[in-house]
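In: Generate coordinates for the sequence data below:
(2 chains)
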Amino acid sequence: MNKIWLVIQREYLSRVQKKSFLLATLLTPLIFPSIMGIFLWISIGESENPSLQIIEVVDENNIFFIESSEQYAFSFSKISTDEGKKMVNDGDRFGFLYIPKIDLSSPKGITYYGEKNPSMNLISFLESALKRRIEEQRLFESGISPEAINAYRTKVSIQAITLDNSGEEKVTDATVNYAIGFLAGIMIYMFIFIYGNQIMQGVIEEKSSRIIEILVSSIKPFQLMSGKIIGIGAVGLTQFLIWVVLIGGISSIVMGYFGVQMPQQQAMELANPEIGQMMDSQSNLQNIIAVINGVDFIQLTLTFIFYFLGGYLLYGAFFAAVGAAVDAPSEAQQFMLPITIPLLIGYLGLFVFVLNDPNSNVSFWLSIIPFTSPIAMMGRVSYGVPLFDLALSMSLLILGFFFSTWVAGKVYRIGILMHGSKVNYKTLWRWIKTN
Amino acid sequence: MEILEIRNLNKSYGNQKALNNISLTIPKGGIFGLLGPNGAGKTTLIRIINQIIEGDSGEVYFNGEILQPKHISQIGYLPEERGLYKKMKVWDQLVYFARLKDMPAALAKERVAFWLKKMDISSWRDKRIDDLSKGMAQKVQFISTIIHEPELLILDEPFSGFDPLNAEIIKNEIIELKNKGITVVLSTHRMESVELLCDQIAMIHRSNKILEGRLTAVKQMFRPNTYEVILSGINETLPESWNASQVNGNTIFKIPLGQESPNSTLQMLMQYGELLGFREILPTMEEIFIQQIKNHSYE
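Out: Numbering: from 1, shown residues only, chains lettered A, B, ... in the order given. Take a look at the predicted model:
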């Protein structure tokens, strides 16, 4: 035990003391928020300071009217198509929309001319405006009055509330759960690959530089392998905890900043309900914040750490075995498939099944089988998962870890002393069988 | 008293026999030469002694006890293919290896400081291995082998990679360790160092032990019973078959004794002139080695 501790210390310190570790650990949590920040800043700048784009519209039907938005204004006229195109070419107009005489039941031939390729936003804005107008017109023609149409137009927004066993109600939002499950799953997937690779590189380093011969004359191969896996795992955990603290710190600063602005909006809403309605999207943001606040982050973090460690340990042993079986990193590729495939299944399963339907049969099995559960279970945890499923999945993961370490230990023990011999799956199988 | 006793040791890799019923006794103190061509089974034997691998059958005794993990700290091992952590500092590395051999931290640091000073490389303590030259790294490697003060030191080709000056330093260190009572097992192809250092040898060929004994006894065993003769003032023509040559006015040749005793040969030689020298030629280890390998290869 004493010797494993020495190995753990060495593996941990030799990595944590590197400058690259410090940089990656400090910069990563800053990169994502800063990219988001830049986008936000740009979009805020655009909406606060819109250079109004004027679009010329010619409507042969005389029924269309498009309301100007913050960004686009519409000028209606009866000019010819060529004149319209010329206005665009001369830069007098941002774009030119031509609506020929159309059959309302199947409108065709509506054309937009612009100097620049129009954004998806603009096109869908125009499409929905025209569509709504055509629908209204057709409803009107079939005898429904515009007042009736307006009266029937309804806006629906579902607020989802989950009831836990104690009957307590909690505001939830599938989007938020999706995002949390998605992020947690991807993080575990990446952690396993990044730190698994570090294990493999470390084993190959010791093997190819022949330190291994000296090491195994002092310490049992299994102790050495375990020490390395645990030490590198501790590095990953350290990095993760630093990120949690940093992201927590940064987001509370950001939240604080938004929090200052929020009451102003609420005050405006009270003063003028109409503005309040216009600010529908902002209140949505508040809803999201409410949902985020409703997520049990302590439980989430604890399960995340469990599955992060469990998945890492399970696969880490395999990475160590692969490193021991080869002489150089370039040869490792041939044995990566049995590691990559189950990880990819977990990863794809997370997106295709678990996040979309966390309670389906496939999702259940993906989150139970130890090879996929570290990634797949994170998708279910964010939606809330029955205690039994969680307990079953966790115990199987622990069993899976013992199994993978046992198998990997056998390959490792023999592999590290083999130099220059061609190793294939058959040899690996023979190594596993030997006592 | 023997530090290591090996009894009927066998080891196979698949169908290939690496050690065939090897028995060896390595006495305490002194330098024991483990000889044999490449692939003879030396490395397998050394790995078994270091408990890196296990034999299929047979026993190994260390100081009279069955070899077991607790003995690891009493054995030092310098493998032929050696290496150190390239990114690790000399100091950290040596302390790490000493502690892996069960040395308490404080003592390990003390010993590392002592050895760095003794080898005159204290100024390297904070250097990383990849900043050192190959010879410098080998010195660090040698220290890592003996840092935990083992009773038994196993050196596999210890001089490879050293320039003559550093090889001399290492050779003197080995002799000094021997004088302190440490047993050294020296596995090497360099017969001149065997000749110079070893008290006892064993030779392994094709997984079998083909020779074992004290160096002087082995040499006696293989003496060709031939003498070197130096004569001056020749008064009679020498027989053609003696193949005599002239060096500095003296006549020098070798004469096989056959059934004759040295004394009767001496009397016979005196007739030819003034006898300046009469000395038995002992074979060099190199010659014995090559001869033995050849003999056993045709069996």
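In: OK, contacts around residue 205?
Out: Let's take chain A. Going by C-beta atoms under 8 Å, 6 or more residues apart in numbering or on different chains, A:Glu205 touches A:211, B:85-86. From N, CA and C alone the C-beta is placed, and that goes for glycine too.
In: meant chain B actually
Out: Residues near B:His205 by C-beta under 8 Å, 6+ apart: B:36-37, B:40, B:292-293, B:296-297.
In: Which ones among those also lie next to chain A?
Out: Filtering the contacts of B:His205 for neighbours of chain A using C-beta under 8 Å from any C-beta of the partner chain leaves an empty set.
In: I'd like to know how many residues surround the residue in the stretch 1-150 of chain B positioned nearest to chain A.
Out: In the stretch 1-150 of chain B, the residue that lies nearest chain A is B:Gly83 (3.6 Å; C-beta to the nearest C-beta). B:Gly83: 20 surrounding residues under other C-beta atoms under 10 Å in any protein chain shown.
In: need the strands for the chain, in chain order.
Out: Picking chain A for this. Counting by DSSP state E, chain A has these strands, from start to end: A:53-59, A:72-77, A:95-99, A:111-114, A:160-163, A:169-172.
In: not quite, I wanted chain B
Out: B:2-13, B:16-27, B:31-35, B:57-62, B:65-66, B:75-78, B:152-156, B:183-187, B:200-205, B:208-214, B:226-232, B:245-247, B:250-256, B:274-280.
In: relative to strand B:152-156, how tilted is the second one?
Out: Going back to what we said before, that points to strand B:16-27. 140 degrees (axes from the mean of the first three to the mean of the last three C-alpha atoms, to 10 degrees).
In: Between strand B:208-214 and strand B:16-27, find me the angle.
Out: Going by the same axes, to 10 degrees, strand B:16-27 makes 10 degrees with strand B:208-214.
In: quick one: low-confidence ranges for the chain?
Out: No chain in the question, so chain A it is. Scanning chain A for pLDDT under 70 picks out A:1, A:32-33, A:43-51, A:70, A:157-174, A:254-295, A:435.
In: Oops, wrong one, chain B.
Out: B:298-299.
In: mind checking how far the closest residue to A:Val7 other than its chain neighbours is from A:Gln9?
Out: Leaving out its chain neighbours, the residue that sits closest to A:Val7 by C-beta to C-beta, 6 or more residues apart in numbering or on different chains is A:Gly227, at 2.7 Å. To A:Gln9, A:Gly227 is 9 Å away according to C-beta to C-beta, to the nearest Å.
In: now do A:Val244
Out: Taking C-beta to C-beta as the measure, A:Val244 falls 24 Å from A:Gln9.
In: How about the contacts made by the closest residue to B:Ile174 other than its chain neighbours?
Out: The shortest distance from B:Ile174 to any non-neighbouring residue, by C-beta to C-beta, 6+ apart, is to B:Val184 (5.9 Å). Counting by C-beta under 8 Å, 6+ apart, B:Val184 touches B:30-32, B:152-155, B:174, B:177-178, B:197.
In: Is it correct that B:Pro224 is in contact with B:Glu280?
Out: No: if you go by C-beta atoms under 8 Å, B:Pro224 and B:Glu280 don't touch, sitting 9.2 Å apart.
In: Which segments of chain A make up each domain?
Out: Per automatic domain parsing, the structural domains of chain A span A:53-152, A:172-433.
In: That should have said chain B, apologies.
Out: According to automatic domain parsing, the ranges for chain B are B:2-220, B:224-281.
In: Out of the contacts of A:Glu205, which comes closest to B:Asn20?
Out: Nearest to B:Asn20 out of the contacts of A:Glu205 is A:Ile211 (C-beta to C-beta; 30.8 Å).
In: shouldn't that closest one be in contact with B:Leu84?
Out: Yes: contact criterion C-beta under 8 Å: A:Ile211 and B:Leu84 qualify, at 6.3 Å.
In: give me every residue that touches A:Lys85.
Out: Shown in contact with A:Lys85 (C-beta under 8 Å, 6+ apart): A:96, A:113.
In: For it, give its distance to chain B.
Out: For A:Lys85, the distance to chain B equals 67 Å [C-beta to the nearest C-beta, to the nearest Å].
In: again, but for A:Gly91
Out: Per C-beta to the nearest C-beta, A:Gly91 is found 62 Å from chain B.
In: Give the burial count for that residue, as a bare number.
Out: 8.
In: Which strand residues bridge A:Glu56?
Out: A:Ser75, A:Phe96 (DSSP bridges).
In: residues contacting it?
Out: If you count contacts by C-beta under 8 Å, 6+ apart, A:Glu56 has them with A:74-75, A:77, A:79, A:84, A:87-88, A:93, A:95-97.
In: tell me the contacts of the closest residue to A:Leu139 other than its chain neighbours?
Out: Counting by C-beta to C-beta, 6+ apart, A:Leu139 lies nearest to A:Ile149, which is 5.6 Å off, once chain neighbours are set aside. Shown in contact with A:Ile149 (C-beta under 8 Å, 6+ apart): A:136, A:139-140.
In: Quick check: A:Ile149 vs A:Glu135, distance?
Out: Distance from A:Ile149 to A:Glu135, by C-beta to C-beta: 9 Å.
In: Please tell me how far stretch A:346-356 is from the chain's geometric centre.
Out: Offset of stretch A:346-356 from its chain centre (C-alpha atoms, centre = their mean, to the nearest Å): 12 Å.
In: In it, which residues are buried?
Out: A:346-347, A:349-350, A:353-355 (16 or more other C-beta atoms under 10 Å in any protein chain shown).
In: quick one: A:Pro329 and A:Gln201 touch, right?
Out: Yes: between A:Pro329 and A:Gln201 there is a contact under C-beta under 8 Å: 6.6 Å.
In: Sweet, I'm off.
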